[in-house]
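1. make a model of this:
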Amino acid sequence: MQLEHKKIILGICGGIAAYKCPELLRLLKKQGADVHVVMTEAAAQIVSPTTLQTLSGHEVPIDVFDGSSHIDHIALGADADLMLIAPATANTIAKLACGLADNMLTCAALAANCPLVVAPAMNSRMYQHAATQENIATLKRRGVFIIPPADGDLACGESGPGRMREPAEIVAYIMALFSREGLPHFENTMLPKPSEPLEITAQKLLPKANGAGLRVLITAGPTEEPIDPVRVITNRSSGKMGFALAQAARERGAAVTLIAGPVTLPTPVGVSRINVKTAQDMYDAVKAKLDDVDIVIGCAAVSDYRLAYVYDKKLTKEEHGDSMTLTLIKNEDIISMVGHSSPRPFTVGFAAETNEGDKHAREKLQRKNLDLIVLNDVSRSDVGFNSDDNAVTVYDRDGQAAAFDKAPKSVIASELMNFIFEAKRAAAAAKA
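-> The predicted structure is shown next:
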């Protein structure tokens, strides 16, 4: 349980997404967290405080001046490890940006001596409004972690950005933060310049992000090789790992381009996305960007072969009988092309293997002239393709290996990007 012995304050605002908070609370507790809930009066109209009190095992304060409550807003966050506000409405985000403290939740947030994580949830136009975006930018400059909302159908009947991330995604993000930083208490006394990214240190916020100034290209998802207008050759890749890497790289200050095969995953905030279908499409897109990137991460599951001839009409059983022979020809190896290019970016490949993974990964590392290769054992049913979890091993050119045990893909992505950025800078320093 990755959140064992962690005290987390869950602040709930009056957005319709508040109905998901009992599940969010349950998942946090499942990871070992001691969850204390504070909510606004509007939130209490959507989800029952009694339900949350029963699930958390703690009294749920709402009104600062409620004489029946034994909870003080100062004491609530004094020893907390993290405060999470989900859903965070436009109204509460504005209050936090202005430093207002007019209810129990905002008082607790202002007084909390711990990192603050905010998960916005609202109508798309409210989210995209200049005032809301400026308020979010203000919070980021102060060191607040923002979990960007997803695109999708909203309660108002519209569709677009503004939907709160699913509880499992939020919990994965929280675990990634603890895994990456240890999330110590800090004092908001030394703030970085607005243009500088943030890193939490043992005492306070200091300007730093290990991906700042780097340009990263990531491939993700499967490719499709057409047989006829109806059928394709493809694979089971979901794209989740590549998209998680793109988000993690962007969170660390990198400029990220994501070349994605045919998947329906939402684009991480701040990431430039290029959609492709075939292996040749992806090859061309990667090659066109090579001169503009510092790091290439080949996470996509690219088809090794394509049809020698693509039929322009649907193939039928009546025409071909009980058997059919399709001739396949080999596709260009994208990550090998990158590894052997000149000048050459720092190159990271992925190896999806079912047997003798260690042997195959090391061989591919050398043959494709890679800096790192990430071994993904897709024979395991609990990780890999279409799973929300993963477990990988990274190999470098010196034969060293680093294992990352099973965890949500967002956590693995965070750890991998830290590893990759450190390896990139070490390689650059060695050449200097």
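
2. okay, now the unreliable bits of the stretch 151-300 of the chain?
-> By pLDDT under 70, the weakly predicted segments of the stretch 151-300 of the chain are 179-209.

3. same thing but 50
-> 181-208 (pLDDT under 50).

4. just the strands in it please.
-> 159-163, 198-200, 205-207, 215-220, 225-226, 232-233, 255-260, 272-275, 295-298 (DSSP state E, counting those that start in this stretch).

5. want to throw these into TSV with mean neighbour count and distance to E134?
-> In this view, the C-beta of every residue, glycine as well, is placed from N, C-alpha and C. Putting the strands of the stretch 151-300 of the chain into TSV (neighbours: other Cβ atoms under 10 Å; distance: least, Cβ to Cβ, whole Å) gives the following:
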stretch	mean neighbour count	distance to E134
strand 159-163	20	16
strand 198-200	19	18
strand 205-207	16	20
strand 215-220	27	27
strand 225-226	19	46
strand 232-233	18	45
strand 255-260	25	22
strand 272-275	15	23
strand 295-298	28	31
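
6. so which of those gets nearest I334?
-> With Cβ to Cβ as the criterion, I334 lies closest to strand 295-298 of those, at 6.1 Å.

7. so how far is the closest one from its chain's centroid?
-> 17 Å (Cα atoms, centre = their mean, to the nearest Å).

8. picking up where we left off before, need the strands of the stretch 151-300 of the chain in JSON lines with distance to A246, can you?
-> JSON lines is the format used below for the strands of the stretch 151-300 of the chain (distance: least, Cβ to Cβ, whole Å):
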{"stretch": "strand 159-163", "distance to A246": "16"}
{"stretch": "strand 198-200", "distance to A246": "19"}
{"stretch": "strand 205-207", "distance to A246": "23"}
{"stretch": "strand 215-220", "distance to A246": "5"}
{"stretch": "strand 225-226", "distance to A246": "24"}
{"stretch": "strand 232-233", "distance to A246": "24"}
{"stretch": "strand 255-260", "distance to A246": "4"}
{"stretch": "strand 272-275", "distance to A246": "8"}
{"stretch": "strand 295-298", "distance to A246": "9"}
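
9. got the angle between the longest helix seen in the chain and strand 215-220?
-> In the chain, taking DSSP state H as the definition, the longest helix is helix 409-431. Angle between the axes of helix 409-431 and strand 215-220 is 140 degrees (criterion: axes from the mean of the first three to the mean of the last three Cα atoms, to 10 degrees).

10. chain center to helix 409-431, what's the gap?
-> On Cα atoms, centre = their mean, the centre of helix 409-431 falls 16 Å from that of its chain.

11. and it, what does it pack onto?
-> Contacts defined by 3 or more Cβ pairs under 8 Å, 6 or more residues apart in numbering; DSSP states H and E place helix 409-431 against helix 167-181, helix 240-251, strand 295-298, strand 346-353, strand 372-377, strand 389-396, strand 401-408.

12. using TSV, lay out the ones you listed together with distance to M282.
-> TSV is the format used below for those (distance: least, Cβ to Cβ, whole Å):
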stretch	distance to M282
helix 167-181	26
helix 240-251	12
strand 295-298	9
strand 346-353	14
strand 372-377	18
strand 389-396	21
strand 401-408	25
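
13. tell me if I'm right that T267 and L258 touch.
-> Yes. Contact criterion Cβ atoms under 8 Å: T267 and L258 qualify, at 7.0 Å.

14. identify the contacts common to the two.
-> Listed as contacting both T267 and L258 by Cβ atoms under 8 Å, 6 or more residues apart in numbering are R273.

15. before we move on, the earlier item: list the buried residues in the longest helix of the chain.
-> Across helix 409-431, burial judged by 16 or more other Cβ atoms under 10 Å covers 409-421, 423-424.

16. with just CA atoms, put that helix into PDB.
-> In PDB, the C-alpha atoms belonging to helix 409-431 read as follows (Å, rounded to 0.1, in the frame of the first residue of the first chain):
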ATOM      1  CA  LYS A 409       1.400   3.300 -15.500                       C
ATOM      2  CA  SER A 410       1.400   6.900 -14.400                       C
ATOM      3  CA  VAL A 411       3.800   6.000 -11.600                       C
ATOM      4  CA  ILE A 412       6.000   4.000 -13.900                       C
ATOM      5  CA  ALA A 413       6.000   6.900 -16.400                       C
ATOM      6  CA  SER A 414       7.100   9.300 -13.700                       C
ATOM      7  CA  GLU A 415       9.900   7.100 -12.600                       C
ATOM      8  CA  LEU A 416      11.000   6.400 -16.200                       C
ATOM      9  CA  MET A 417      11.100  10.000 -17.200                       C
ATOM     10  CA  ASN A 418      13.200  10.900 -14.200                       C
ATOM     11  CA  PHE A 419      15.500   8.100 -15.200                       C
ATOM     12  CA  ILE A 420      15.600   9.100 -18.800                       C
ATOM     13  CA  PHE A 421      16.200  12.800 -18.100                       C
ATOM     14  CA  GLU A 422      19.100  12.000 -15.700                       C
ATOM     15  CA  ALA A 423      20.600   9.600 -18.200                       C
ATOM     16  CA  LYS A 424      20.300  12.100 -21.000                       C
ATOM     17  CA  ARG A 425      22.100  14.800 -18.900                       C
ATOM     18  CA  ALA A 426      24.800  12.400 -17.800                       C
ATOM     19  CA  ALA A 427      25.400  11.400 -21.400                       C
ATOM     20  CA  ALA A 428      25.700  15.100 -22.400                       C
ATOM     21  CA  ALA A 429      28.000  15.800 -19.600                       C
ATOM     22  CA  ALA A 430      30.200  12.900 -20.600                       C
ATOM     23  CA  LYS A 431      30.600  14.300 -24.100                       C
END
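
17. what's the mean pLDDT across that helix?
-> In this model, helix 409-431 has an average pLDDT of 89.

18. begin at 51 from now on, thanks
-> Yep, numbering from 51; the last one is helix 459-481 now.

19. so it versus strand 439-446, what angle?
-> Using the same axes, to 10 degrees: helix 459-481 against strand 439-446 is 10 degrees.

20. name the residues that touch helix 459-481?
-> By Cβ under 8 Å, 6+ apart, helix 459-481 touches 52, 219, 222-223, 225-226, 229-230, 260-261, 264, 290-291, 294-295, 297-299, 301-302, 304, 344-345, 347, 396, 398, 421-422, 424, 437-442, 444, 446, 452, 454, 457.

21. please consider this matter closed, and thank you.
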